[in-house]
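Enquirer: okay, predicted coordinates and the sequence, questions at the end:
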Amino acid sequence: MSIETPTTLLDYLTRATEYFAGRGMENPRLNAERLLCGVLGCKRIDLYVEFERVLNPGEIATYREYVRRRGRNEPLAYILGTAAFCGRDFSVTPSVLIPRPETELLVEHVIPLLKTATPTFIADIGTGSGCIGITFALELPEAEVAMVDVSGEALEVARRNAHEHGVHGRAHLVQGDLSHPLRAGTFHAVVANLPYVAAAEKNTLPPDVVEFEPHVALFGGETGLDLFEHLLADVRRVLVPDGVVALEVGQDQASVVAQMCQSYLPEGEISVHRDYAHIERVVVVTGVNA
């Protein structure tokens, strides 16, 4: 009995879904749909009104390549070249960490603390794709943002995103280590999504993370918190009086990081905020004196 050759959009969606399900992938249909949307340049809802559309040879070849790459655990964001953050799309490459929904909390908790400062100077440490710093620039039209990263390749991605979102005049790219290249007494807020995965946890990460995302942006030394101590030891130097420090942390790290903040910034008021999974994810320090 011969197997019918797929021709329509629905045929290829069905084949891809079955292939992903056979590999034990979570949400196989969603993966198949998002990849096809990337090929066709459409929204998912559009697929449902074009099930009988016959794909052309170029679309078929591209979709097969996307499915092959996803079947080898390559993240959707790298295949499609974009990831969403705070309701906007940002370009991503394997040189940068893929933005996560929990990181949006850094922006959500800091913006209300800065709206009274005009102009506002913000440092985004470990900027990667630039999604955090660029979002601040978009949400705070008077803000000037220093986007710092040790990786020149990451800064090129951030540069592209700053241009795409029209904030390149207020997004200043700085290559260097943590806050060290920044000018003293300048910033109202220092925000950082530092690498916080402990080296020993490497084998616990999903394949699409550990095999594809940049390790320099994932791993923070033996405990995962090496860079936090280095940043907190210098951060007071770059802040203006009554400054803000906001840090994303990993699961079960919030109390340790809060203690670090208490040690280095004892006059500050420390708060800890949970993410959508009720994990303590963001540590915020306000009232830091220069």
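Expert: Looks like it came in fine.
Enquirer: show me the contacts for residue 23.
Expert: Applying CB atoms under 8 Å, 6 or more residues apart in numbering to residue 23 gives the contacts residue 71. The C-beta positions use only the backbone N, C-alpha and C, and glycine is treated the same way.
Enquirer: output the lowest mean pLDDT helix or strand found in this protein.
Expert: In the chain, the helix or strand scored least confidently by mean pLDDT, DSSP states H and E is helix 207-210, which has a mean of 91.
Enquirer: that one: which residues count as buried?
Expert: Applying a neighbour-count criterion of 16 or more other CB atoms under 10 Å, one finds 208, 209, 210 buried in helix 207-210.
Enquirer: in which helix or strand does residue 127 reside?
Expert: For residue 127, there is no helix or strand it lies in under DSSP states H and E.
Enquirer: how near is it to residue 141?
Expert: Distance, residue 127 to residue 141, by CB to CB, to the nearest Å: 19 Å.
Enquirer: ditto for residue 206
Expert: 38 Å.
Enquirer: ranges for the strands of the protein?
Expert: Listed in chain order, the strands found in the chain under DSSP state E are 82-85, 88-91, 120-125, 143-149, 171-175, 187-192, 239-248, 269-274, 280-288.
Enquirer: higher neighbour count, residue 127 and residue 141?
Expert: residue 127 (30 against 11; other CB atoms under 10 Å).
Enquirer: look up how far residue 161 lies from the more buried one.
Expert: For residue 127 relative to residue 161 (CB to CB), the value is 10 Å.
Enquirer: also residue 241?
Expert: 32 Å.
Enquirer: comparing these two, which residue is more hemmed in?
Expert: Ranked by neighbour count (other CB under 10 Å), residue 241 and residue 161 place residue 161 first, with 28 against 10.
Enquirer: would you agree the more buried one is in contact with residue 132?
Expert: No - Residue 161 lies out of contact with residue 132 (CB atoms under 8 Å); the separation is 10.8 Å.
Enquirer: for the stretch 101-250 of the chain, which spans come out with low pLDDT?
Expert: 117 (pLDDT under 70).
Enquirer: can you tell me which residues contact the nearest residue to residue 171 once chain neighbours are set aside?
Expert: Nearest residue to residue 171 in three dimensions, chain neighbours excluded: residue 162, at 4.0 Å (CB to CB, 6 or more residues apart in numbering). Counting by CB under 8 Å, 6+ apart, residue 162 makes contact with 130, 134, 137, 147, 168, 171, 173.
Enquirer: now do residue 190
Expert: Residue 190 sits next to 122, 123, 125, 179, 231, 235, 238, 239, 243, 244, 245, 246 when contact means CB under 8 Å, 6+ apart.
Enquirer: so what's the residue positioned nearest the centre of the chain closest to, chain neighbours aside?
Expert: Compute the mean C-alpha point of the chain, and by CA atoms, centre = their mean the closest residue is residue 99, 1.9 Å away. Among residues not flanking residue 99 along the chain, residue 85 sits closest, at 4.0 Å (CB to CB, 6+ apart).
Enquirer: was I right about that neighbour contacting residue 131?
Expert: Yes - with contacts counted by CB under 8 Å, residue 85 reaches residue 131, the gap being 4.1 Å.
Enquirer: give me the more crowded residue out of those two.
Expert: residue 131 (33 against 23).
Enquirer: could you measure from the residue lying closest to residue 115 once chain neighbours are set aside over to residue 6?
Expert: Among residues not flanking residue 115 along the chain, residue 140 sits closest, at 7.2 Å (CB to CB, 6+ apart). Per CB to CB, residue 140 is found 49 Å from residue 6.
Enquirer: between these two, which has more neighbouring residues?
Expert: Comparing residue 140 with residue 6 by other CB under 10 Å, the one with more neighbours is residue 140, at 21 against 15.
Enquirer: spit out the contact partners of that one.
Expert: Counting by CB under 8 Å, 6+ apart, residue 140 makes contact with 111, 114, 115, 120, 122.
Enquirer: angles on the backbone of the third one, please.
Expert: Just to be clear, that refers to residue 115. Per-residue torsions, residue 115: phi -70, psi -20 (degrees, to the nearest 10).
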